[in-house]
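Engineer: dropping a prediction and its sequence here:
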Amino acid sequence: MRFIIHLLLSIRPAAYRGIPILTINPLVSIGHFLILNNTGHFRDTMHTIVSSAATIGISAHRVDVQVDLSLGLLQFQIVGLPDAAIKESRQRVQTALRNCGFRLPERKITVNLAPADLKKEGSLFDLPIALGILAAVEIIPSNHELLKSALFLGELSLDGAIRGVRGILPIACDAHKLGAKTLVVPADNGHEAALISGITVLAPRHLTELVAYLRGEVTISPTPSSTPPAGFSPLCDLRDIKGQAHAKRALEIAAAGRHNLLFIGSPGSGKTMLARRLPLLMPPMSYEEVVETSKIYSVIGALPPASLITERPLRAPHHTTSEPGLVGGGSSPQPGEISLAHNGVLFLDELTEFRRRTLEVLRQPLEERNVTISRAHTAVTFPASFLLVAALNPCPCGYFGDSRRACSCAPQTVQNYLKKLSGPLLDRIDLQVPVLSISYETAMKSTHTDTTEPLSERIARAAQRQQARLGNGIWNGTMSAAALEQHCILTPKAEEIIRRAFDKLGLSMRGYHKVLRVARTIADLEGVDTLTDVHISEALMYRSIDHTLQHQKI
């Protein structure tokens, strides 16, 4: 054995540099290979680091993929709190390297995903693991500048093709914070990453293409920065809704001040049509809102190709939706409908058909504007600043109190139907509006006065007043109690009206604050600073159904 090794070392090392050489060292398993380094000596261990990233919620965290090749029993293990998809990377990476013509060294391969206490999920670490192995055996230069300055993300097919992954946008947004100048992502994700300016994006299609680039044999042009296309506005307008002036006024107030809204009325009165037009009235999304909303859709793989979410989302889950479907959940926490409605509208039609327990989970997100999902190894927080719009019928048959059709429900049936709604949930809804059936004359009347455009302009001016007074991202509907005392100055007559209403309507302190917030928005729509008796009276009018519902006297 010594003779064979001395014979091999006596031959010019350069001729065999990097070539696997069979050894029968009794301390090593038969079939292991030793690698010659650049000086012609055998290397007992090889270690490289390739950087990547993982998303927790919608935040990116740097992950160093550490690859170590050492003498020992043949095995390929991945440590560092990986999930099942990452553990399966062993088979994908081994097969992809073999099918691309790269021979794996017959050594003990250990991959550590650092930091080890951060749970990693998904298949996006396939590419950095493969590159770490290739760098360890010097098929690609381990000191290449790109390996030091870039984050590598991508799933490998068995033939070496680089497949797209989810959650690229949050990583692109946080790349500079993670100390990266360049992102190397799958070609399918290139345009998504390039939506964020200030970062260089390389998007190879195949592992061999990237290896050739790192060896200086080919060039890969950076993906050009792309401007997200303008959002598409649906072909609907307030002019489609005949009558219902009272409900349209409530839409205006809700859009201007971010006030939660409840419509109650008979089937066919227009509740759903009204609710679906609310996003059109809301001010355009800021760049920060666009990016934050798009991150959520990127995490679940629902971001449109080469586009950001530029229109305020409208989510309308079915009443059979479960609690995890509404607020998010799963063994690997994913955002639910309330997070997908972030910076937009969550519309719950047929509110009383939802399970009461499902509705109760909305209470905390409505107050805190985010939702935290806790699991054994992690707690993930998703943003959930949405505008809640709900609609319901006044009774099971839908016609209780209707002037044009008699109700067939017994009084006790109506009470049991309305008891599905809890007082604490109703207390979090600012505007509670009756939607009455319209007459034939109103339905046939042709009018174009209630169009979306003039209302949107008035709402935008009211929004500007709020942002100047409260700061970006804070609206009248989310104003704190301290800000209420500072910015809701009442005239003596207005103060007397709300004092009497407090006792007569049985308002809680939360309900009292809701009245002040709505009155503040009404004043902003008129462009005035002081709240008068007119503003307070109109705001109280939108709490009357709350009082009626809680006493089951509709």
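Structural biologist: Noted; the coordinates are in hand.
Engineer: please, which helix or strand holds residue 372?
Structural biologist: Under the criterion of DSSP states H and E, residue 372 resides in strand 370-374.
Engineer: swap in residue 263?
Structural biologist: strand 261-265.
Engineer: counting contacts, what elements does that strand pack onto?
Structural biologist: The contact analysis (3 or more CB pairs under 8 Å, 6 or more residues apart in numbering; DSSP states H and E) places strand 261-265 against helix 245-257, helix 271-276, strand 387-392, strand 431-435, helix 544-550. Bear in mind the C-beta positions are built from the backbone N, C-alpha and C, glycine included.
Engineer: among those, which is the most enclosed?
Structural biologist: strand 387-392 (a mean of 25; mean count of other CB atoms under 10 Å).
Engineer: helix or strand right after that one?
Structural biologist: Downstream of strand 387-392 (by DSSP H and E), the next one is helix 411-418.
Engineer: average pLDDT for that following helix?
Structural biologist: Mean per-residue pLDDT for helix 411-418: 83.
Engineer: now do that helix against strand 261-265, angle only.
Structural biologist: Helix 411-418 runs at 160 degrees relative to strand 261-265, counting by axes from the mean of the first three to the mean of the last three CA atoms, to 10 degrees.
Engineer: list the buried residues for helix 411-418?
Structural biologist: 414, 417, 418 (16 or more other CB atoms under 10 Å).
Engineer: tell me which helix or strand the most centrally placed residue in the chain sits in.
Structural biologist: With distances taken as CA atoms, centre = their mean, residue 296 lies nearest the centre of the chain, 1.6 Å away. Element membership of residue 296, judged by DSSP H and E, is helix 287-299.
Engineer: show residues contacting that helix.
Structural biologist: 55, 57-58, 166-170, 173, 192, 195-196, 228, 285, 303, 308-310, 313, 334-335, 339-340, 342-344, 382-383, 472-473 (CB atoms under 8 Å, 6 or more residues apart in numbering).
Engineer: so where's the stretch 1-150 of the chain uncertain?
Structural biologist: 1-45 (pLDDT under 70).
Engineer: ranges for the strands of it?
Structural biologist: Assigned by DSSP state E, counting those that start in this stretch, the stretch 1-150 of the chain shows strands spanning 21-22, 33-36, 42-43, 45-56, 59-70, 75-79, 108-114, 150-152.
Engineer: in a markdown table: the ones you listed, plus distance to residue 250.
Structural biologist: Listed next are the strands of the stretch 1-150 of the chain as a markdown table, based on distance: least, CB to CB, whole Å:
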| stretch | distance to residue 250 |
| --- | --- |
| strand 21-22 | 81 |
| strand 33-36 | 74 |
| strand 42-43 | 74 |
| strand 45-56 | 38 |
| strand 59-70 | 36 |
| strand 75-79 | 56 |
| strand 108-114 | 52 |
| strand 150-152 | 48 |
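Engineer: for the stretch 51-200 of the chain, which segments count as helices?
Structural biologist: 84-87, 89-99, 126-136, 145-149, 168-173, 190-193 (DSSP state H, counting those that start in this stretch).
Engineer: how far away is residue 275 from residue 435?
Structural biologist: Using CB to CB, to the nearest Å, we find residue 275 at a distance of 10 Å from residue 435.
Engineer: shared neighbours of those two, anything?
Structural biologist: With CB under 8 Å, 6+ apart, residue 275 and residue 435 have common neighbours residue 263.
Engineer: any regions of this protein where pLDDT drops low?
Structural biologist: 1-45, 227-237, 439-440, 443-444, 446-451, 544-554.
Engineer: please repeat the previous calculation with a cut-off of 50.
Structural biologist: Within the chain, the ranges that satisfy pLDDT under 50 run 1-42, 231-232, 549-550, 552-554.
Engineer: domain parsing of it, as residue ranges.
Structural biologist: Under automatic domain parsing, the residue ranges defining each domain of the chain are 2-36, 44-214, 238-472.
Engineer: where's the last one relative to the chain centroid, distance-wise?
Structural biologist: It stands for domain 238-472. 18 Å (CA atoms, centre = their mean, to the nearest Å).
Engineer: now the terminal residues of it, how far apart.
Structural biologist: Counting by CA to CA, to the nearest Å, you get 28 Å between the two ends of domain 238-472.
Engineer: can you check stretch 401-409 too?
Structural biologist: Termini of stretch 401-409 sit 11 Å apart (CA to CA).
Engineer: residue 238 against residue 245, yeah?
Structural biologist: No: using CB atoms under 8 Å, residue 238 is not in contact with residue 245; the gap is 10.6 Å.
Engineer: tabulate the buried residues of helix 411-418 (TSV), appending distance to residue 100.
Structural biologist: TSV is the format used below for those (distance: CB to CB, whole Å):
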residue	distance to residue 100
414	70
417	65
418	66
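Engineer: ok, of those residues, which one's closest to residue 526?
Structural biologist: residue 418 (34.5 Å; CB to CB).
Engineer: these two touch, right, that closest one and residue 351?
Structural biologist: No: here residue 418 does not reach residue 351: they are 10.5 Å apart, not a contact under CB under 8 Å.
Engineer: if we can go back for a sec, could you check the angle the helix holding residue 296 makes with strand 45-56?
Structural biologist: 120 degrees.
Engineer: check which element follows helix 287-299 along the chain.
Structural biologist: Following helix 287-299 toward the C-terminus (DSSP H and E): strand 314-315.
Engineer: the following helix or strand past that following strand - contacts with which helices or strands?
Structural biologist: The helix or strand immediately downstream of strand 314-315 is helix 323-327, counting by DSSP H and E. Contact analysis of helix 323-327 by 3+ CB pairs under 8 Å, 6+ apart lists helix 337-340, helix 356-360 as its packing neighbours.
Engineer: packing partners of the longest one?
Structural biologist: Counting contacts by 3+ CB pairs under 8 Å, 6+ apart, helix 356-360 packs against helix 323-327, helix 423-426.
Engineer: contacts for the strand holding residue 263?
Structural biologist: Residues contacting strand 261-265 (CB under 8 Å, 6+ apart): 247, 250-251, 254, 271, 274-275, 278, 351, 387-394, 426, 429-437, 545, 549, 554.
Engineer: please save the CA atoms from that strand in CSV.
Structural biologist: Written as CSV, here are the backbone C-alpha positions of strand 261-265 (Å, rounded to 0.1, in the frame of the first residue of the first chain):
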residue,chain,number,x,y,z
LEU,A,261,-68.8,48.2,7.8
LEU,A,262,-71.9,46.0,8.1
PHE,A,263,-74.8,45.9,5.6
ILE,A,264,-78.0,44.3,6.7
GLY,A,265,-81.0,43.9,4.4
